[in-house]
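Student: no sequence on this one, just coordinates:
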Ligand code: CIZ
């Protein structure tokens, strides 16, 4: 059954001139059919660079939006439109404008986990990999960092600027990567290194040997001499880490599972490629504003 679906997806891919982009947090069987696996920005840039007419984005809504922002001439499909992001949902354009009014002298830095409309209202976008460098490189001493409070607090601990935090978090990183889970795994595997995503709370990050986004984790797993690694982020990435590093052992945080990421299935991918729906589009005025924020990020790092 699964093989038939995979063959059908391959056939549709050729027929539709499609590229399948799969986020690091997706389930293993989805990663296995990918043209590319990566973080949201890597994937969006790859989408823009290919000559595919159709981009099938296996991830969550803001990621498909980012792909559309950079490739408006392509059809961008998200196989399940309900795949959202509770962190991105913590902020609206109206609330951000209000915050700007409170701090007219501050630049707004917006984490990529945000809607296109919020990106368009920001001065510059950032990823978990470049957030510190982006904030450091801005003129001015004051920054409003949205929407992730934990990433903002981590950035604030590393830069010499005033960082005003937004009270948003990713529930998976903020609650499910808990101190109890991490200390238990560290006790059970005393030789293991611990890598943690900066969306985790500072008390977790203080225990980490390395703090990095998912692309940094992929690199760390490849380059580190460590044979055992505890992975402090959404557990789906462990499939990729194991596949690329068969000689090493990875310990996921079992409770760190994003239900939105798991809404994408092989059946939904095949169906969406047949119908070319559901599509993700961004109104052109919003797209242009969001593209500016993404371009500024690329110029700064
Ligand atoms: O930007 C991404 O893909 C996310 C959500 C996290 C990361 O660290 O890659």
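Tutor: Received, thanks. Keep in mind it's a predicted model, so treat the numbers as computed, not measured. Residues are numbered from 1 along each chain as shown.
Student: wait, what's in contact with the residue in the stretch 51-200 of the chain that the ligand sits nearest to?
Tutor: Closest contact between the stretch 51-200 of the chain and the ligand, by CB to the nearest ligand atom, is at residue 128 (4.0 Å). (Glycine included, C-beta is placed from N, CA and C.) Counting by CB atoms under 8 Å, 6 or more residues apart in numbering, residue 128 touches 111, 151, 197-199, 212-214, 216.
Student: in the stretch 1-150 of the chain, where is pLDDT below threshold?
Tutor: Residue ranges of the stretch 1-150 of the chain with pLDDT under 70: 1.
Student: count of neighbours near residue 219?
Tutor: Residues within reach of residue 219, counting by other CB atoms under 10 Å, total 13.
Student: which residue packs closest to it, ignoring adjacent ones?
Tutor: Nearest residue to residue 219, sequence neighbours excluded (CB to CB, 6 or more residues apart in numbering): residue 212, at 7.8 Å.
Student: residues from the stretch 151-300 of the chain in reach of the ligand?
Tutor: 197, 213-215 (CB under 6 Å from any ligand atom).
Student: give the buried subset of these as a ChimeraX selection command.
Tutor: Buried subset of these, written as a ChimeraX selection, criterion 16 or more other CB atoms under 10 Å:
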select :197,213,214,215
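Student: can you pull the buried residues of stretch 193-202?
Tutor: Across stretch 193-202, burial judged by 16+ other CB under 10 Å covers 193-201.
Student: surely residue 192 and residue 185 touch.
Tutor: Yes. Taking contacts as CB atoms under 8 Å, residue 192 lies within contact range of residue 185: 7.3 Å.
Student: residues shared between the contacts of those two?
Tutor: Joint contacts of residue 192 and residue 185 (CB under 8 Å, 6+ apart) are 230, 251.
Student: okay, now residue 125: neighbour count?
Tutor: When neighbours are defined as other CB under 10 Å, residue 125 has 29 of them.
Student: quick one: the spatially most central residue of the chain and residue 228, what's the gap?
Tutor: Taking CA atoms, centre = their mean, the centroid of the chain lies closest to residue 40, which sits 4.8 Å from it. Separation of residue 40 from residue 228 (CB to CB, to the nearest Å) stands at 28 Å.
Student: which residue ranges of the stretch 201-301 of the chain form strands?
Tutor: All strands of the stretch 201-301 of the chain, identified by DSSP state E, counting those that start in this stretch, fall at 210-211, 228-232, 249-252.
Student: tabulate those in CSV, adding columns for mean pLDDT.
Tutor: Shown next, in CSV, are the strands of the stretch 201-301 of the chain (pLDDT from 0 to 100):
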stretch, mean pLDDT
strand 210-211, 97
strand 228-232, 98
strand 249-252, 98
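Student: including mean neighbour count, could the ones you listed go into JSON lines?
Tutor: Output for the strands of the stretch 201-301 of the chain, formatted as JSON lines (neighbours: other CB atoms under 10 Å):
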{"stretch": "strand 210-211", "mean neighbour count": "18"}
{"stretch": "strand 228-232", "mean neighbour count": "24"}
{"stretch": "strand 249-252", "mean neighbour count": "18"}
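Student: how about these in CSV, adding distance to residue 122?
Tutor: Shown next, in CSV, are the strands of the stretch 201-301 of the chain (distance: least, CB to CB, whole Å):
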stretch, distance to residue 122
strand 210-211, 23
strand 228-232, 27
strand 249-252, 32
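Student: ok, which of the ones you listed comes nearest residue 295?
Tutor: Across those, residue 295 has its closest neighbour in strand 210-211 (26.4 Å, CB to CB).
Student: please name the residues that touch residue 173.
Tutor: 150, 197, 199-200, 233-234, 256.
Student: typo on my end, it should be residue 249
Tutor: Per CB under 8 Å, 6+ apart, neighbours of residue 249: 192, 227-229.
Student: could you redo the last one with a cut-off of 6 Å?
Tutor: residue 228 (CB atoms under 6 Å, 6 or more residues apart in numbering).
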